[in-house]
Structures are given as C-alpha cells and as structure tokens.
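1. Provide a 3D model corresponding to the input given below.
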Amino acid sequence: MTTELGTLTLVGMGTLAASSWLAVLWRKTGLYGLTLLTVVTSICLGYFFWHVEKPFPLSLDRVLWGLLVVALGADFLRRRPDLSCLVRADFFAGLLLIYLFVSATGGFLLTGVTSGFSRWLFFYAFPATLYVAARRFGDNPSGQRATLVVFSALAVYLSLTGLAEVLGWNALVFPRYIADTSITDEFFGRARGPLLNPVGNGFLILIGWAAWTVFTVQAPPPRRALFLLGHGLFAVAVACTLTRSVWLSAAACVMVVGAWVTPSRFRAAWVTTALLMLLGAGLVAGVYFREMKRDRHLSADEAARSVQLRPLLAAAAWRMFQERPMFGFGLAQYDRAKLAYLEDPTAPLPLRQAKPYTQHNVFLSLLVETGVIGLGLFGCFLAASVGVFRRNWGNPARPMSLLALVAVVAYVVNGLFHDVSIILDMNAVLFLMVGLAVRESSCDVTKTSQNARLGSPVAFTE
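-> Numbers count the residues shown, from 1 in each chain. Below you'll find the model as predicted:
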C-alpha cells in the first residue's frame with residue numbers, strides 16, 4: 001500500500017509539473033498540439049518507456065490520452081459539430097468501434113477472458129479518439145504544417161535510431177529499452193525502433209518520408225539538394241528493417257507518391273516504371289532474401305520457416321471462419337480459439353506446426369475474430385478513405401490526403417503478411433491520418449483552408 005501511495009504521489013507531482021507546460025502548448029497550438037504530442041509520446045515514450053501497474057495501469061501516453069478526451073469534450077461544447085458534414089468514413093469508423101466493443105463483450109461472456117476489452121481500448125478506442133481529434137483540426141493550416149513537421153522529424157529520428165541498432169551503436173539508441181533484450185529479443189538486430197517491431201517502424205518512416213516529400217517539392221530549387229539527403233537516409237532505414245513486407249510497402253508507396261507529385265503528362269510513364277520496380281522488389285525479397293539471417297537470435301533456417309508457416313496459418317483461419325462466418329470468435333480470441341483447430345488430426349496440413357504463432361494476416365485475423373461483419377466494416381472504412389484520396393488526387397493544398405494515402409497503402413501491404421492491428425500505434429496513426437484527410441476535404445472546410453499552401457506554391461500537376 002505504501003508503494004502504491006508513493007507511486008500515486010510521484011505521478012501527481014509529475015502531472016502538476018507538466019500541467020504548466022501543457023497549458024502553454026494549449027494556448028499556442030490548441031487541439032492539434034495536444035493530439036500530436038499524444039501520438040509522439042505514445043510512439044517514443046509509451047508503455048515500454050515507463051508504466052505502473054498498481055493501483056491501476058498507467059503510462060505517459062495514457063495520461064495524455066485522458067487529457068485529450070477532456071480537451072475534445074471542451075472543444076465540442078465550444079464548437080458544436082455540424083452533423084451535416086459527416087461522411088461515410090465517419091459512419092463506418094463509428095460502426096466499427098461499436099461492433100468491436102460488442103464482439104469483445106461477446107468473447108468475454110463466452111470465455112471469461114478480458115483480453116478483448118484491452119484490445120478494443122488501446123488498439124481501437126485510442127485510434128478513434130485521434131480520428132475524432134483530427135476531424136476537428138484537419139483543415140487548420142497551422143495544424144497541417146505541424147503534422148508535416150512532426151512526422152518528418154519523427155522519420156529522421158526513427159531512421160537514425162534504426163541505423164544505430166543495425167550497426168550495434170547501442171550507446172546512441174534512445175530510449176534505452178530499444179537496445180535491451182530483457183523486454184523481448186524478437187527482431188533484435190533490425191531497425192525495430194521504439195515500437196520494438198520493424199513493421200511498425202517502417203510504417204512510420206514511410207509516412208514521415210511522404211511528409212518530407214511535400215517539403216521537398218515546396219522547397220526552392222537551391223535547397224532541394226539538402227532535402228535529397230533525407231530521402232537517402234529514409235531509403236537506407238527502410239532497408240535496415242530487414243523485413244520483406246516493409247520493402248514491398250515502400251516500393252508501393254514510392255509508386256503512389258511519385259504518381260501524386262508527377263505532372264499528368266508523365267504520370268503514365270512513371271506508373272509503368274514504378275510497377276516494374278515493385279515487381280522487381282517482390283522478386284528480390286522473395287528469392288534472394290528468403291533465407292536471410294535478420295535477427296541476431298534467429299537463424300536463417302528459422303527465418304525461412306516463417307514464410308512456410310503462412311499457408312498453414314491461412315488454412316487454420318479458413319477452417320475457423322467456416323465454423324463462425326458471421327460474427328467470429330470474438331475480438332482478441334484467436335490465440336485461444338485456434339488450439340482446437342491446430343490439434344485436429346484430420347486436417348490435411350500439419351497445422352500443429354503453427355501453434356506458437358499468431359495470425360500473419362490482418363484481414364484473416366479480423367475475419368476469424370469478428371467475422372464477415374467486422375472485416376466488412378473495416379474494409380468499408382478503408383474504401384471510404386480511398387474515395388477521399390481520389391477526390392483530392394494531386395492537389396497541392398491537400399497534403400494530409402497524401403500522408404493518409406501512404407498510411408493506407410503501407411498498412412494494407414504489410415497487413416497481407418502480418419497482423420498489423422496488434423502492432424502498437426499502427427491503428428492509431430492510420431486513423432489519425434485518415435481523419436486529417438477527411439477533415440481536409442469535408443464540406444465544412446472554408447475556401448481559405450482549401451487554398452492554403454504550406455510554403456512556396458508549387459503545382460504537383462499541370
């Protein structure tokens with residue numbers, strides 16, 4: 001009890017000390033400053049950096065999340081939302097959040113396991129909060145510019161940290177837990193970053209790379225050579241993730257960003273070239289790096305086995321889906337429910353080999369856990385966001401749409417090979433970016449906001 005009281009006292013004192021700084025941030029930036037601070041803290045100084053479990057689970061990002069919820073409530077009281085400006089992405093995001101809560105509740109009532117509520121809270125409710133916040137400030141030119149600056153700087157930090165990880169320069173790695181195997185030695189030796197996962201790290205670098213591209217295009221010609229150094233850094237950092245899906249997603253994002261910024265008369269040639277690049281990247285990743293030793297604690301043979309397991313995991317998911325196609329087994333119930341199917345001696349494949357592994361496809365994972373309804377709602381949310389990107393294609397006054405498009409492409413490509421929904425902050429950043437893009441193009445954006453340029457006016461298209 002004494003220890004818990006001391007912890008609460010320290011947390012209270014720290015909160016009071018930080019309140020003055022947060023007040024200054026709020027006066028200077030408002031909602032967008034607190035939102036971006038929450039996201040960056042969650043990524044760089046989140047649960048692994050500092051947390052307490054008693055008297056209740058607490059971390060820095062969770063404290064900021066609570067403050068963000070309060071700030072959103074105050075903002076809604078001050079500025080009533082215009083319900084006529086709700087779009088399809090808003091409805092599907094809300095329906096998805098409600099349905100996943102029902103799915104988590106159903107899983108708890110059937111099994112007594114509470115993991116579904118934790119999954120819903122930190123991997124869907126937190127992203128939904130960021131989505132709502134982004135819908136409130138996404139058309140603010142200062143908020144847009146701050147987003148570009150923050151994610152560009154974040155990509156530089158993650159890239160330099162990733163290089164230090166791969167080269168073994170652990171003294172330069174911050175936070176220190178990144179170079180510490182006591183939490184987990186999985187992916188150690190790759191550029192896994194503060195999320196301790198090279199897929200999440202690569203995802204964030206690609207979004208920051210897109211933000212850096214916006215600044216590159218807007219920069220005066222004499223300064224563009226300096227920005228090109230950043231592009232080289234990001235390319236090396238993506239390579240240092242030593243993860244095939246990240247490489248494929250990087251190739252896809254380069255194709256998309258190039259098509260966005262390329263004048264229309266050159267777009268067809270660029271897309272053709274980029275498709276060949278993507279095909280080449282796939283062949284190289286699949287043939288030459290199939291048995292590459294990537295982790296310091298993982299042999300090349302064990303690395304190759306991860307590729308061989310994916311058909312087994314897909315077969316297990318299909319058998320589970322046939323059992324409960326509409327509603328699934330409940331959110332976060334895959335690891336429990338899979339055991340009966342992997343131990344089935346009548347299965348045509350040796351599914352037992354996949355027993356220690358979680359699902360390696362985000363869409364199959366959603367299908368098994370939440371059924372056709374859950375996967376359908378998530379697919380509709382992504383499809384609605386794609387409609388926003390199509391309307392804003394190539395518009396230099398819509399940089400948030402470019403970042404959101406990169407986020408969706410990177411999420412989907414990586415999601416074909418990993419359950420990215422359970423990687424820390426991937427859902428959070430995805431929902432944030434989509435929310436910014438939706439707000440940027442919604443009907444309540446003023447003409448001034450639509451035509452705002454974040455720097456020197458440079459046309460992306462003819």
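
2. This structure: strands as residue ranges?
-> 51-52, 58-59 (DSSP state E).

3. most tightly surrounded among these?
-> Neighbour counts (mean count of other C-beta atoms under 10 Å) averaged over each of the strands of the chain peak at strand 58-59, with a mean of 18. (Each C-beta comes from the backbone N, C-alpha and C, glycine too.)

4. Which elements pack onto that one?
-> Contacts defined by 3 or more C-beta pairs under 8 Å, 6 or more residues apart in numbering; DSSP states H and E place strand 58-59 against strand 51-52.

5. Quick one: list the elements packing against the strand it packs on.
-> Short answer (3+ C-beta pairs under 8 Å, 6+ apart): strand 51-52 packs on strand 58-59.

6. how about a cut-off of 10 Å?
-> helix 2-29, strand 58-59, helix 60-78 (3 or more C-beta pairs under 10 Å, 6 or more residues apart in numbering; DSSP states H and E).

7. Spatially nearest residue to residue 241, not counting backbone neighbours?
-> Computed as C-beta to C-beta, 6 or more residues apart in numbering, the closest residue to residue 241 that is not its neighbour in sequence is residue 198, at 3.8 Å.

8. What is the neighbour count of that neighbour?
-> 28 (other C-beta atoms under 10 Å).

9. Give me the distance between it and residue 153.
-> Residue 198 sits 20 Å away from residue 153, going by C-beta to C-beta, to the nearest Å.

10. ok, residue 360 - contacts?
-> 245, 306-307, 309-310, 312-314, 317, 354, 415-419 (C-beta atoms under 10 Å, 6 or more residues apart in numbering).

11. same thing but 6 Å
-> 310, 313, 418 (C-beta atoms under 6 Å, 6 or more residues apart in numbering).

12. Export these to TSV and append columns for neighbour count and distance to residue 67.
-> Compiled in TSV, the contacts of residue 360 are given as follows (neighbours: other C-beta atoms under 10 Å; distance: C-beta to C-beta, whole Å):
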residue	neighbour count	distance to residue 67
310	17	41
313	22	40
418	23	32
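
13. Distance to residue 191 added to those, as a markdown table?
-> Below are these laid out as a markdown table (distance: C-beta to C-beta, whole Å):
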| residue | distance to residue 191 |
| --- | --- |
| 310 | 23 |
| 313 | 25 |
| 418 | 16 |
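
14. how about JSON lines for the strands of the chain, with distance to residue 265 added?
-> Shown next, in JSON lines, are the strands of the chain (distance: least, C-beta to C-beta, whole Å):
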{"stretch": "strand 51-52", "distance to residue 265": "54"}
{"stretch": "strand 58-59", "distance to residue 265": "51"}
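
15. can you redo those strands as TSV with distance to residue 275 and mean pLDDT?
-> Formatted as TSV, these follow (distance: least, C-beta to C-beta, whole Å; pLDDT from 0 to 100):
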stretch	distance to residue 275	mean pLDDT
strand 51-52	45	84
strand 58-59	43	88
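
16. Would you check that residue 255 makes contact with residue 272?
-> No - counting by C-beta atoms under 6 Å, residue 255 sits too far from residue 272 to count as a contact (10.0 Å).

17. between the two, which one's more packed in?
-> residue 255 (19 against 10).

18. Need the pLDDT of the more buried one.
-> Per-residue pLDDT puts residue 255 at 89.

19. residues in contact with it?
-> Here residue 255 is in contact with residue 274 (criterion: C-beta under 6 Å, 6+ apart).

20. Look up how far residue 391 lies from it.
-> Taking C-beta to C-beta, one finds residue 255 at 20 Å from residue 391.

21. With residue 110 instead?
-> Relative to residue 391, and taking C-beta to C-beta, residue 110 is found at 43 Å.

22. State the number of residues packed around the residue nearest to residue 213 when sequence neighbours are not counted.
-> Spatial nearest neighbour of residue 213, excluding adjacent residues (C-beta to C-beta, 6+ apart): residue 257 at 5.6 Å. By the criterion of other C-beta under 10 Å, residue 257 has 22 neighbours.
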